[in-house]
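Trainee: Would you be able to build a 3D model of this:
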Amino acid sequence: MKNIAVCANFINEAHRRQIDEAAEKAGFTVAYFETNDDLAEEAADFEVIFGYISPEVLPKAKQLRWLCAASAGVDHFMDESLWPSRDCILSNSSGAYGPTISEHVLMVLLMLLRRMPEYLPTIERREWAYFDPIRSINGSHAILLGTGDIGSNVARRLKALGARVTGVCRSGKSAEPAFDRVLPLSELDSVLPEADALIVSLPATAETWGVLSRERIALLPERAFVVNVGRGAVIDQEALVEALQTGRLAGAALDVMTPEPLPADHPLWSCLNTIITPHVSGNMSLGLTCDLVVDMFCRDLGHYGKGEPLERLVDRVRGY
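Mentor: Residues are numbered from 1 along each chain as shown. Sure, this is the predicted structure:
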């Protein structure tokens, strides 16, 4: 029998039964590990590894043929020197995080539009304050930088609340009908001045590093909010801080930043109308996300056992 290692602390008994059944059909046995330290001691025994895996484990997995990351982002696995063989394949769990991250986007965007960052200090001081005017998603123009699973889920929810939604991505194409239009990245500059909200869900790759540059931040109108649930590295953070400190932008909601954790003395903490969350928009606290991640792995395990292409295979050159 061939061996699978599962290292994921969100796995419950129902998930174990589901994984064990899929593994048996594919001709595998499964071992479960609580921590990466435990896995590292036995990593050389496994052909397949699934879960949240530290990059330091990879070189020890001498028999590895497939790594399935429980995360959507896999930029920490792009160093080819980590891999025991160039023949190893990598897949991710893109598609599992759209519901939870899109709800986070709605939460923080509504907080910004309805001026909650201004209300929170007055609530702490027990003051009966009133701020107006407020703004609405209805009738606003949202530009989504990234049109994959997360961007598409956000687009559907914003469209249902009356927004006009423009997607921007490398190809300039998307099958998601909630986008009013989709533009290639080369046309981003032309649409930034129209933004009421710029929502970023890009992964960190060589193509996306610093894509929201100082020059592009300057193209955004003063009314614009920036929401980032992708990776901190895609934004010129110093330029964003300056724009927020001077009131050049209306505000921001950042779930990702550079570095993480954000130091206590970092200027982002004190920027005007800025909501900081500690990279939690897509974690495993929502049961639906856990279920989807396991479902995806089991489906791809069925494909792998039959020698079929995986549904969520990652191109390690492109990074997604």
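Trainee: The stretch 151-300 of the chain: helices as residue ranges?
Mentor: 188-191, 214-219, 237-245, 287-305 (DSSP state H, counting those that start in this stretch).
Trainee: Kindly reformat the ones you listed as TSV and extend each row with distance to Gly162.
Mentor: No exception for glycine: its C-beta is placed from N, CA and C like everyone else's. Shown next, in TSV, are those (distance: least, C-beta to C-beta, whole Å):
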stretch	distance to Gly162
helix 188-191	19
helix 214-219	25
helix 237-245	27
helix 287-305	26
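Trainee: Please name whichever of those helices is nearest to Leu313.
Mentor: If you check each of the helices of the stretch 151-300 of the chain against Leu313 by C-beta to C-beta, helix 287-305 wins as the nearest, at 8.4 Å.
Trainee: buried residues in the closest one?
Mentor: Using 16 or more other C-beta atoms under 10 Å as the burial criterion, the residues of helix 287-305 that qualify are 289-298, 300-301, 303-305.
Trainee: do the same with stretch 34-45
Mentor: Those buried within stretch 34-45 under the rule 16+ other C-beta under 10 Å are 36, 39-40, 43.
Trainee: Can I get that stretch in CSV? Just the C-alpha atoms.
Mentor: Output in CSV follows, covering the C-alpha atoms of stretch 34-45 (Å, rounded to 0.1, in the frame of the first residue of the first chain):
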residue,chain,number,x,y,z
GLU,A,34,-0.8,17.1,14.6
THR,A,35,2.2,19.2,13.9
ASN,A,36,4.8,19.7,11.2
ASP,A,37,7.5,18.7,13.7
ASP,A,38,5.8,15.3,14.0
LEU,A,39,5.5,14.9,10.3
ALA,A,40,9.1,15.9,9.6
GLU,A,41,10.4,12.8,11.5
GLU,A,42,8.5,10.5,9.1
ALA,A,43,8.2,12.7,6.0
ALA,A,44,10.4,10.3,3.9
ASP,A,45,7.7,7.6,4.0
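Trainee: Average pLDDT for that stretch, rounded please.
Mentor: Stretch 34-45 comes out with an average pLDDT of 95.
Trainee: How about the contacts made by the nearest residue to Ala224 once chain neighbours are set aside?
Mentor: Leaving aside its chain neighbours, Ala224 sits nearest to Ala195 (4.7 Å; criterion: C-beta to C-beta, 6 or more residues apart in numbering). Taking C-beta atoms under 8 Å, 6 or more residues apart in numbering, we find Ala195 in contact with 141-143, 220-221, 224.
Trainee: before we move on, back to that, now the helices of the stretch 151-300 of the chain in a markdown table, with mean pLDDT and distance to Met111?
Mentor: As requested, the helices of the stretch 151-300 of the chain are arranged in a markdown table below (pLDDT from 0 to 100; distance: least, C-beta to C-beta, whole Å):
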| stretch | mean pLDDT | distance to Met111 |
| --- | --- | --- |
| helix 188-191 | 98 | 24 |
| helix 214-219 | 98 | 21 |
| helix 237-245 | 98 | 15 |
| helix 287-305 | 97 | 22 |
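Trainee: check contacts around the residue nearest in space to the middle of the chain.
Mentor: Centroid-nearest residue in the chain, with C-alpha atoms, centre = their mean: Gly230, separated by 4.5 Å. Contact analysis of Gly230 by C-beta under 8 Å, 6+ apart lists 145-146, 150, 200-204, 208, 256.
Trainee: now with 6 Å?
Mentor: Contacts of Gly230 were listed using C-beta atoms under 6 Å, 6 or more residues apart in numbering, and they are 200-202.
Trainee: Phi first, then psi, for the residue nearest to Ala224.
Mentor: Per-residue torsions, Ala195: phi -80, psi 130 (degrees, to the nearest 10).
Trainee: Relative to Ser102, how far out is it?
Mentor: Distance of Ala195 to Ser102, computed by C-beta to C-beta, to the nearest Å: 18 Å.
Trainee: Of all the residues in whichever strand or helix holds Pro121, which ones are buried?
Mentor: Assigned by DSSP states H and E, Pro121 falls within helix 116-124. By neighbour count on 16+ other C-beta under 10 Å, the buried set for helix 116-124 is 116-117.
Trainee: And for stretch 310-320?
Mentor: 310, 312, 314, 316, 319-320.
Trainee: Including pLDDT, could those go into a markdown table?
Mentor: Output for those, formatted as a markdown table (pLDDT from 0 to 100):
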| residue | pLDDT |
| --- | --- |
| Leu310 | 97 |
| Arg312 | 95 |
| Val314 | 94 |
| Arg316 | 85 |
| Gly319 | 76 |
| Tyr320 | 77 |
